[in-house]
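**Q** Sharing a sequence plus its predicted fold:
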Amino acid sequence: MAVNMEMPILIVDDYKTMLRIIRNLLTEIGFSNIAEATDGQAAFEKLKKERFDLIISDWNMEPMTGYELLRAVRADGNLRKTPFIMVTAEAKTENVVAAKKAGVNNYIIKPFNAATLKQKMKRVIGNF
């Protein structure tokens, strides 16, 4: 089954430039229904009000990190199955292990391009 290119995607980053980069990469790949949040807490509030088919979140944010957002999403009965891709500038093994244990679906190390994003997304949501 093909992925709906209109599926709602939530991107989360406290750095406006990174939000714009990820939005542009998603648009380049063909996705158009993209919402933004500037920290984990704002993202979690949006997730409680709207349905998203994918979350792409930065790890390092204040006051609520991407890792804390991931744990909150996985602990919520209505959200726990939402595909989640973590983005980080740090390739620390312990972070990857912690994110995997918390239920992350995939992991992207910055910097990345549209091809990398598409490849990681295909592993999580299927072919498009």
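**A** Yep, it's here.
**Q** Enumerate the positions of stretch 22-33 that are buried.
**A** 22, 23, 25, 26, 31 (16 or more other C-beta atoms under 10 Å). (Glycine included, C-beta is placed from N, CA and C.)
**Q** Kindly export it (C-alpha atoms) in PDB.
**A** The C-alpha trace of stretch 22-33 is given here as PDB (Å, rounded to 0.1, in the frame of the first residue of the first chain):
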ATOM      1  CA  ILE A  22      13.300  19.800   7.500                       C
ATOM      2  CA  ARG A  23      10.100  21.300   6.000                       C
ATOM      3  CA  ASN A  24      12.000  22.000   2.800                       C
ATOM      4  CA  LEU A  25      13.400  18.500   2.600                       C
ATOM      5  CA  LEU A  26       9.900  17.000   3.200                       C
ATOM      6  CA  THR A  27       8.400  19.200   0.500                       C
ATOM      7  CA  GLU A  28      11.200  18.200  -1.900                       C
ATOM      8  CA  ILE A  29      10.300  14.500  -1.200                       C
ATOM      9  CA  GLY A  30       6.700  15.300  -1.900                       C
ATOM     10  CA  PHE A  31       5.000  15.800   1.500                       C
ATOM     11  CA  SER A  32       2.900  18.900   2.100                       C
ATOM     12  CA  ASN A  33       0.900  18.500   5.300                       C
END
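**Q** for that stretch, what is the average pLDDT?
**A** Averaging pLDDT along stretch 22-33 yields 97.
**Q** What of stretch 38-58?
**A** Mean pLDDT, taken over the full extent of stretch 38-58, equals 97.
**Q** list the buried ones in that stretch?
**A** Within stretch 38-58, the residues that count as buried by 16+ other C-beta under 10 Å are 39-44, 46-47, 52, 54-58.
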